[in-house]
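>>> sequence first, then the predicted structure, then my questions.
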Amino acid sequence: MKETVHHFPVNILGTSSAVLVFWLLCVANLTFVQADIHGAGEQALAKIDIYKTTLALDGSALITAYPRILGSLGEDSEWITVNIMNEKPSADDWIGVFSPANFNASTCPPQDDQWQETPYICTAPIKYKYANHSNPEYTKTGKSTLRFLLINQREDFAFVLFSGGLSYPKLVSVSNKLQFSNPKAPVYPRLAHGKSWDEMTVTWTSGYNIDEAVPFVEWGMKGETPKRSPAGTLTFKQNSMCGSPARTVGWRDPGFIHTSFLKDLWPNTVYTYRMGHILSDGSYVWSKVFSFKSSPYPGQDSLQRVIIFGDMGKAERDGSNEYSDYQPGSLNTTDQLIKDLDNFDIVFHIGDLPYANGYISQWDQFTAQVQPITSTVPYMIASGNHERDWPNSGSFYDTPDSGGECGVPAETMYSTDYGMFHFCIADSEHDWREGTEQYKFIEKCLASVDRQKQPWLIFSAHRVLGYSSNSWYGLEGAFEEPMGRESLQKLWQKYRVDIAFYGHVHNYERTCPVYQNQCVSKEKHHYSGTMNGTIHVVVGGGGSHLSEYSSVIPNWSIYRDYDFGFVKLTAFNHSSLLFEYKKSSDGKVYDSFTISRDYRDVLACVHDSCPATTLAT
């Protein structure tokens with residue numbers, strides 16, 4: 001495992017100091033089952049048994065969709081009207097959106113005797129709705145009108161009417177085809193920090209391979225002549241997936257993922273940028289124009305604001321996939337952050353991103369959902385179990401949570417600086433215990449910070465390697481991921497980590513400053529002086545279904561909230577930090593504390609933080 005910086009499904013980018021695998025739409029044998037410790041939940045598309053589809057075309061049924069040409073004014077998304085007329089309606093009729101529009105057996109990959117005979121359909125739809133979604137009289141009238149929101153996903157679309165419900169689909173009628181005016185257009189930019197503070201990476205998706213067009217980013221300060229930076233191009237294939245559904249019914253071509261490195265940025269400066277492709281005939285294809293503010297110089301004394309959360313997921317603004325309320329708070333969190341976009345500088349999404357679980361089309365849906373954020377501020381991620389875990393694939397946990405993706409779309413571990421902050425982001429889906437490569441990386445990351453310049457040291461991982469009173473952890477008795485903190489707590493103490501953040505458990509919980517299960521301070525809201533323990537925070541309420549707490553409240557648990565929300569850190573200067581927990585529903589603060597600390601307070605020796613010394617004679 002190597003130190004990494006990352007981007008959005010980006011890809012595997014080799015550098016002298018990093019290997020980057022961020023959103024590129026890729027140990028121990030633990031015997032417990034933990035596919036979802038935080039409650040019920042299932043990827044909505046997994047409910048459809050698409051292989052059982054039978055052909056039942058009915059000339060008396062008609063489904064039409066319009067407009068047929070989408071994005072004629074350069075839009076990346078558009079609302080579609082679908083009209084249904086069916087002389088034999090039933091309550092379990094549903095409409096699936098297929099892309100590409102050609103989805104019959106000719107598109108099925110060879111599967112080595114998986115089927116006695118090839119199924120009629122072997123690709124899941126990208127979304128669906130029941131025919132009576134907007135018309136409860138559908139079963140009486142046989143007529144319904146539905147509205148769908150489509151995003152540019154590089155291929156054409158068709159709407160399909162099924163009877164028989166989700167378990168035994170019968171294909172009744174297929175609509176006309178629809179297509180974006182330029183389905184290959186560059187879309188969904190994702191910003192991330194590069195290898196150094198003065199570098200920003202821009203990653204985006206398109207339908208252009210390098211033999212069709214040359215990708216680049218045009219960028220510069222406002223009012224100055226822009227420059228151009230080249231971009232690399234990567235993708236991944238079906239055989240890169242580890243298992244089903246990612247390798248079978250959930251597979252969809254991810255397109256081409258491009259990454260450009262914008263270097264030698266001035267600190268705290270606004271830059272505009274747009275992605276471009278030079279076609280073989282010399283013409284250009286452009287994205288919209290976006291802007292970002294570059295990072296402050298490491299240690300710079302200025303107002304710096306950080307957002308942290310985990311386990312957000314995605315949801316459909318058009319009400320699709322309504323059978324499953326899998327990520328009920330994801331749009332609230334997304335929209336609250338978009339609303340407050342001018343008031344924070346960088347985002348850390350610590351694992352479990354879209355919960356695609358092997359349905360690759362959902363990565364596009366997620367990048368479109370968060371584009372207003374990712375195109376404006378660096379959006380840094382961590383790997384979660386729903387991105388990485390798959391049996392016999394090298395993940396620390398032998399579970400099928402990734403749906404066969406096995407980390408191809410997103411797998412990361414990295415350190416990064418933002419002004420007065422130093423972040424060490426671990427990958428909880430790989431072994432972190434003492435003696436492992438990741439343990440060495442974590443210690444190197446923690447040891448490398450200059451606390452005089454960067455007083456705020458933050459550790460983060462997806463699973464709870466610290467403290468949580470989640471009900472499942474309570475049953476285990478240790479209130480942590482098994483073997484979670486045993487090796488790491490001495491590092492947190494030795495290097496005086498201020499705050500450690502985790503997701504995985506879908507709620508909010510804050511501890512006292514704690515070391516070896518004991519609170520080292522009775523204070524709850526205002527911390528000052530010597531730093532003698534780390535505050536651990538579970539902030540996994542980004543949007544996925546919520547997790548129950550244990551009935552036991554440990555002595556170190558200061559505040560718990562069974563709701564969706566996120567954390568905001570505000571560094572005012574080198575000695576003053578504000579922590580705020582906000583609910584996604586209203587953006588208001590429900591828990592907070594401050595830290596006031598001088599450099600000498602960080603240097604002060606406390607239990608297990610300084611090596612033994614002797615007096616010189």
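Perfect, thanks for sending it. Residues are numbered from 1 along each chain as shown.

>>> mean pLDDT per helix and strand in this structure: which one sits at the bottom?
strand 12-14 (a mean of 28; mean pLDDT, DSSP states H and E).

>>> list the contacts for the nearest residue to residue 317 once chain neighbours are set aside?
Closest residue in space to residue 317, ignoring its immediate chain neighbours: residue 149 at 5.5 Å, by C-beta to C-beta, 6 or more residues apart in numbering. Where C-beta positions appear, they are placed from N, C-alpha and C, glycine not excepted. Counting by C-beta atoms under 8 Å, 6 or more residues apart in numbering, residue 149 touches 77-80, 316-318.

>>> now do residue 581
Residue 581 makes contacts with 508, 510, 539, 559, 561, 565-567, 589-592, as judged by C-beta under 8 Å, 6+ apart.

>>> pick out the most distant pair among the residues you listed.
Across the contacts of residue 581, no pair lies farther apart than 559 and 566, at 14.6 Å, counting by C-beta to C-beta.

>>> higher neighbour count, those two?
Neighbours were counted for residue 559 and for residue 566 using other C-beta atoms under 10 Å; residue 566 has more, 27 against 16.

>>> for the more buried one, helix, strand, or coil?
Assigned state for residue 566: strand (three-state reduction, DSSP: H, G, I helix; E, B strand; the rest coil).

>>> surely it meets residue 309?
Yes - contact criterion C-beta atoms under 8 Å: residue 566 and residue 309 qualify, at 3.8 Å.

>>> shared neighbours, the two?
Common contacts of residue 566 and residue 309, defined by C-beta under 8 Å, 6+ apart, comprise 333, 539, 541-542.

>>> among those, which lie within strands?
In strands, judged by DSSP state E, the following of those are found: residue 539.

>>> out of the shared contacts of residue 566 and residue 309, which are buried?
333, 539, 541-542 (16 or more other C-beta atoms under 10 Å).

>>> in what helix or strand does the residue positioned nearest the centre of the chain lie?
By C-alpha atoms, centre = their mean, the chain has its centre lying nearest to residue 353, at 2.5 Å. According to DSSP states H and E, residue 353 maps onto no helix or strand at all.

>>> now do residue 233
strand 227-234.

>>> that strand pairs with which strands, parallel or anti?
Using DSSP bridges, the strands paired with strand 227-234 are strand 213-221 (antiparallel), strand 256-262 (antiparallel).

>>> dump these to CSV, plus mean neighbour count, distance to residue 294 and mean pLDDT.
Shown next, in CSV, are the strands paired with strand 227-234 (neighbours: other C-beta atoms under 10 Å; distance: least, C-beta to C-beta, whole Å; pLDDT from 0 to 100):
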stretch, mean neighbour count, distance to residue 294, mean pLDDT
strand 213-221, 20, 10, 98
strand 256-262, 24, 9, 97
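
>>> so for residue 89, which of these sits nearest?
Using C-beta to C-beta, the nearest of the strands paired with strand 227-234 to residue 89 is strand 256-262, at 41.9 Å.

>>> and the next helix or strand past that closest one?
strand 270-279.

>>> now do that following strand against strand 227-234, angle only.
Put simply, strand 270-279 runs at 60 degrees to strand 227-234, going by axes from the mean of the first three to the mean of the last three C-alpha atoms, to 10 degrees.

>>> who does the helix or strand just after strand 270-279 pair up with?
Next helix or strand after strand 270-279 toward the C-terminus (DSSP H and E): strand 284-286. Neighbouring strands of strand 284-286 in its sheet, by DSSP bridges, are strand 270-279 (antiparallel).

>>> give the buried residues for the strand it pairs with.
271-277.

>>> looking at these, which one is closest to residue 98?
Closest to residue 98, out of all of these and judged by C-beta to C-beta, is residue 277, at 26.9 Å.

>>> residue contacts, the nearest residue in space to that closest one that is not next to it in sequence?
Nearest non-adjacent residue to residue 277, counting by C-beta to C-beta, 6+ apart: residue 213, 3.8 Å away. For residue 213, the contacting residues are 206, 277-280, 285, by C-beta under 8 Å, 6+ apart.

>>> buried ones among the contacts of residue 149?
By 16+ other C-beta under 10 Å, the contacts of residue 149 give 78, 80, 316, 318 as buried.

>>> can I take it that the first one is in a helix?
Right, residue 78. No - secondary structure of residue 78 (three-state DSSP): strand, not part of a helix.

>>> what pLDDT does the residue lying closest to it once chain neighbours are set aside get?
Closest residue in space to residue 78, ignoring its immediate chain neighbours: residue 70 at 4.4 Å, by C-beta to C-beta, 6+ apart. pLDDT recorded at residue 70 is 97.

>>> wait, residue 70 touches residue 185, no?
No - Residue 70 is not in contact with residue 185 according to C-beta under 8 Å; the separation is 11.2 Å.

>>> tell me how many other residues crowd residue 589.
Residue 589: 14 neighbours (other C-beta under 10 Å).

>>> these two touch, right, it and residue 570?
No - using C-beta under 8 Å, residue 589 is not in contact with residue 570; the gap is 11.2 Å.

>>> give me the common contacts of the two.
Joint contacts of residue 589 and residue 570 (C-beta under 8 Å, 6+ apart) are residue 580.

>>> in the stretch 401-550 of the chain, what residue spans correspond to strands?
414-418, 421-425, 456-461, 499-502, 508-515, 518-519, 526-528, 534-539 (DSSP state E, counting those that start in this stretch).

>>> TSV please, covering these and showing distance to residue 64 and mean pLDDT.
What follows is the strands of the stretch 401-550 of the chain, written out as TSV (distance: least, C-beta to C-beta, whole Å; pLDDT from 0 to 100):
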stretch	distance to residue 64	mean pLDDT
strand 414-418	49	93
strand 421-425	49	97
strand 456-461	49	97
strand 499-502	49	98
strand 508-515	47	97
strand 518-519	65	95
strand 526-528	63	95
strand 534-539	46	98
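
>>> and the next element down the chain from the longest helix anywhere in the chain?
Longest among the helix segments of the chain by residue count, using DSSP state H, is helix 361-374. Scanning forward in sequence from helix 361-374 by DSSP H and E, the next helix or strand is strand 379-382.

>>> neighbours around the closest residue to residue 443 other than its chain neighbours, how many?
Spatially, and ignoring its direct neighbours in sequence, residue 443 is nearest to residue 491 (5.6 Å; C-beta to C-beta, 6+ apart). Residues lying near residue 491 (other C-beta under 10 Å) number 21.

>>> quick one: low-confidence parts of this structure?
In the predicted model, the chain carries pLDDT under 70 at residues 1-41, 105-118, 322-325, 411, 613-617.

>>> the same query, at a cut-off of 50, please.
Applying pLDDT under 50 to the chain picks out residues 1-40.

>>> what's near enough to touch residue 97?
Counting by C-beta under 8 Å, 6+ apart, residue 97 has contacts 125-128, 148, 150, 157-160, 320.

>>> nearest to residue 446 among the residues you listed?
residue 126 (42.3 Å).
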